[in-house]
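the following block contains a protein sequence and its predicted model.
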Amino acid sequence: GEEESVLPLVVAAANRSGSARLWQWTGLLHRGLDDHAAALAAFEEAVRLAPGDASIAHGHARVAYEAGLDAVALFETAERSGPPSSDVLIGLAAARWATGRGDEAEAALDSILMQVPMWIAGHVQLAQLRALMGRAEEAYASLERALVQAPKSLPLWRALFNLHLEGENHAELAEGILRAEAAGIPGPEIADYAAICAAECGDGDRADQLFEALLGEAVCQSTRIWFVRHLLRTRRFARVGSLIDAEIEAGGARRGAIWPYADLFWRLTGDRRADWLSGNPALVRAFDLSDRLPPLAQLAEYLRSLHIARGEYLDQSVRGGTQTDGPLFCRVDPMARALRASVTEAVKAYIAALPETDPEHPLLAMRRDRRVRFAGSWSVRLHHGGFHANHVHPQGWISSALYVALPKRQPGDRADAGWFKLGEPQAALGLDMLPTQLVEPVPGRLVLFPSWLWHGTQPFSDGERLTVAFDVAPPR
């Protein structure tokens, strides 16, 4: 987190030495500061000095892609510069998709996977690409083909199960588990998926047995979270309370992942810690940026030009719409830079007005003397009854919704159609809890809130709802 302090030293050394590696590091430092224009210039110098270096070529391509430029040729150069690289091949596919060459990206990935069927990251990328192309029904085809060739491959089965879980395809997951066992995969190797599937499909007794057996082993945190979900859904509060307390006491990443469920549990049971965690009104704030943003009509047209997808991500909250790919705030065009500058100032104002530091609180414990960094930024375009399913953002510290264009109210629309809601859990949890707060969408309005707070939107009947969203990264 100290790129600014070292950058002048590295730049001076790079200028003196003419070292391609130091120019590469200059580019990486600028990238770490989200200054992609400067990062591109540094990588161009590194490429000039070492045109055949594979890692420099890859870095150059990656920065250009994040900057919103056509990076296909740069990724192709990186591909030729060294041995086969999963990261380069996936980056090349993303760059092709971003420039309207999705069919080419799909064909290239599928061709490689026919030759290298154990390339798990490639299967995942191809599944996501096909979903974005509006062909979600074909998302799992390459994995299914690979499983015909290697029916006893546990990594392939687990990759397929992960995709089913991300897409909430629990019936397909249940069928897949049966097929894996029939193919000879030992039950204990996939017991975690069997437990999750039983819980999410409502087979409580089987879920109990499987989870209890798993908890006697060194299970991953994800499995413990799924067990917490199961106990919340079945309202066994004594047991879930002890598990939540244990995760919080463990600290670190384990503590970070449990806060959304702790909030629900404490609210359900009337625990005063719910007020401490999420009850302070200063944690959710709205800002009017209409006079600081680029003209909203121009911004809307700009964002529409970035929505090239025809389908939804397999693992995102969008229902009835599309989401842009790539980090929106890293783009180097003037519209993206102006948008980023406007929201950065609002984030600074939000952080400055937070209540006093609390070392135990997931939002208030963080230091506030660091530059604002973004863990992700994107635009969402909803239409014809679209909405966001309730969800949280595990990678963020502060999350957001910025309204750019909104649909006209239709006859028969409910009063809160399209409104932003906070505190209502994911529907699959079956908790029937109402939102703690509803926020009316207004063009130019930015809403900021803790990333671990459940949030979603009410559906609307017709029209277009165009937003920008981002996650502020936890400060280092």
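That came through fine. Numbering: from 1, shown residues only.

residue 465 belongs to a strand?
Yes - when classified by DSSP: H, G, I helix; E, B strand; the rest coil, residue 465 is found to be part of a strand.

quick one: residues contacting it.
Residues near residue 465 by CB atoms under 8 Å, 6 or more residues apart in numbering: 321, 380-383, 386, 403, 405-407, 418, 441, 457. From N, CA and C alone the C-beta is placed, and that goes for glycine too.

6 Å - rerun?
Going by CB atoms under 6 Å, 6 or more residues apart in numbering, residue 465 touches 382, 406-407, 418.

redo those residues as TSV? Include pLDDT, neighbour count and secondary structure.
Shown next, in TSV, are the contacts of residue 465 (pLDDT from 0 to 100; neighbours: other CB atoms under 10 Å; DSSP: H, G, I helix; E, B strand; the rest coil):
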residue	pLDDT	neighbour count	secondary structure
382	89	25	strand
406	92	19	coil
407	87	20	coil
418	87	22	coil
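
ok, which pair from the residues you listed is furthest apart?
Longest distance between any two of the contacts of residue 465 is 10.0 Å, between 382 and 406; criterion CB to CB.

who are the contact partners of residue 329?
Listed by CB under 6 Å, 6+ apart, the contact set of residue 329 reads 340, 374, 377.

nearest to residue 326 among these?
residue 377 (9.1 Å).

tell me the SS of that closest one?
Three-state assignment for residue 377 (three-state DSSP): strand.

so it sits right up against residue 330, yeah?
No - with contact defined as CB atoms under 6 Å, residue 377 does not count as touching residue 330 (7.6 Å).

give me the sheet partners of the lowest-mean-pLDDT helix or strand in the chain and which way each runs.
When the helices and strands of the chain are compared on mean pLDDT, DSSP states H and E, strand 318-323 comes out lowest with a mean of 83. If you go by DSSP bridges, strand 318-323 pairs up with strand 374-388 (antiparallel).

what comes into contact with the strand it pairs with?
By CB under 6 Å, 6+ apart, strand 374-388 touches 303, 307, 317-324, 327-329, 395-396, 456-457, 459, 462, 464-471, 473.

whichever strand or helix holds residue 304 vs strand 374-388, what angle?
Taking DSSP states H and E as the definition, residue 304 sits inside helix 296-306. Angle of helix 296-306 versus strand 374-388, following axes from the mean of the first three to the mean of the last three CA atoms, to 10 degrees, is 90 degrees.

just checking, what packs against helix 296-306?
Contacts defined by 3 or more CB pairs under 6 Å, 6 or more residues apart in numbering; DSSP states H and E place helix 296-306 against strand 398-405.

give the other helices and strands that the strand it packs on contacts.
By 3+ CB pairs under 6 Å, 6+ apart, strand 398-405 packs against helix 296-306, strand 445-450, strand 464-472.

please export the C-alpha coordinates of the last one as PDB.
Going back to what we said before, that points to strand 464-472. These are the backbone C-alpha positions of strand 464-472, laid out as PDB (Å, rounded to 0.1, in the frame of the first residue of the first chain):
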ATOM      1  CA  GLU A 464     -34.400   0.700 -18.400                       C
ATOM      2  CA  ARG A 465     -32.600   1.000 -15.100                       C
ATOM      3  CA  LEU A 466     -28.900   2.000 -15.700                       C
ATOM      4  CA  THR A 467     -26.500   2.100 -12.700                       C
ATOM      5  CA  VAL A 468     -22.800   2.100 -11.800                       C
ATOM      6  CA  ALA A 469     -21.600   0.100  -8.900                       C
ATOM      7  CA  PHE A 470     -18.200  -0.400  -7.200                       C
ATOM      8  CA  ASP A 471     -16.600  -1.800  -4.200                       C
ATOM      9  CA  VAL A 472     -14.100   0.200  -2.200                       C
END
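
now that strand: mean pLDDT?
Averaged over strand 464-472, pLDDT sits at 95.

can you list the residues that contact stretch 360-372?
259, 344, 347, 351, 357-359, 450, 452, 474-475.

what's the local residue count around residue 296?
16 (other CB atoms under 10 Å).

nearest residue to it other than its sequence neighbours?
Distance criterion CB to CB, 6 or more residues apart in numbering; nearest residue to residue 296, sequence neighbours excluded, is residue 443 at 5.4 Å.
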